[in-house]
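> here is my input; please provide its structure:
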Amino acid sequence: MSADQVCAYVDGALEAFPSIRAVVFTGGECFLLGDGLTQGIERAARAGRGTRCVTNGYWATSREAAERRLRRARGVASR
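Here you go, the predicted structure:
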């Protein structure tokens, strides 16, 4: 799924259900979306919604790799 598709789904869900308080990225491994996940988190955060990711942590091959990826996700969520 492309970043544009992820953002379109986030936008569509928030438009259809304005009472949504949090967007949860799951269903397989959401971190496989790469920048699509980052952009989806940013889109939800800019709309004032919280975000969560359900992951098996395959991408956390080391403490440094985990911290680097989580900093990027957290950075866009707090904008």
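
> tell me the contacts of residue 51?
Residue 51 makes contacts with 22-25, 40-41, 44-45, 77, as judged by CB atoms under 8 Å, 6 or more residues apart in numbering. In short, each C-beta sits where N, CA and C put it, glycine included.

> oh sorry, the question was meant for residue 50
21-23, 44 are the contacts of residue 50 under CB under 8 Å, 6+ apart.

> one step back: filter the contacts of residue 51 to the buried ones?
Neighbour counting by 16 or more other CB atoms under 10 Å classes 23, 25, 40-41, 44-45, 77 among the contacts of residue 51 as buried.

> tell me the contacts of residue 60?
Residue 60 neighbours (CB under 8 Å, 6+ apart): 66, 69.

> same thing but 6 Å
Shown in contact with residue 60 (CB atoms under 6 Å, 6 or more residues apart in numbering): residue 66.

> could you verify that it is part of a helix?
No - in this structure, residue 60 is coil, not part of a helix, as judged by DSSP: H, G, I helix; E, B strand; the rest coil.

> from residue 48, how far off is it?
29 Å (CB to CB, to the nearest Å).

> neighbouring contacts of the host helix or strand of residue 38?
Using DSSP states H and E, residue 38 sits in helix 35-46. With contact meaning CB under 6 Å, 6+ apart, helix 35-46 is reached by 3, 6-7, 10, 23, 25, 30, 51, 73, 76-77.

> let's go with 10 Å and repeat that
1-11, 13-14, 20, 22-25, 29-31, 33, 49-53, 55, 69, 72-79 (CB atoms under 10 Å, 6 or more residues apart in numbering).

> helices or strands next to the helix or strand of the chain with the lowest mean pLDDT in the packing?
Lowest by mean pLDDT, DSSP states H and E among the helices and strands of the chain is helix 63-77, with a mean of 88. If contacts are counted by 3 or more CB pairs under 10 Å, 6 or more residues apart in numbering; DSSP states H and E, helix 63-77 sits against helix 35-46, strand 50-53.

> pLDDT of the shortest one, averaged?
Spelled out, that is strand 50-53. Within the predicted structure, the mean pLDDT of strand 50-53 is 96.
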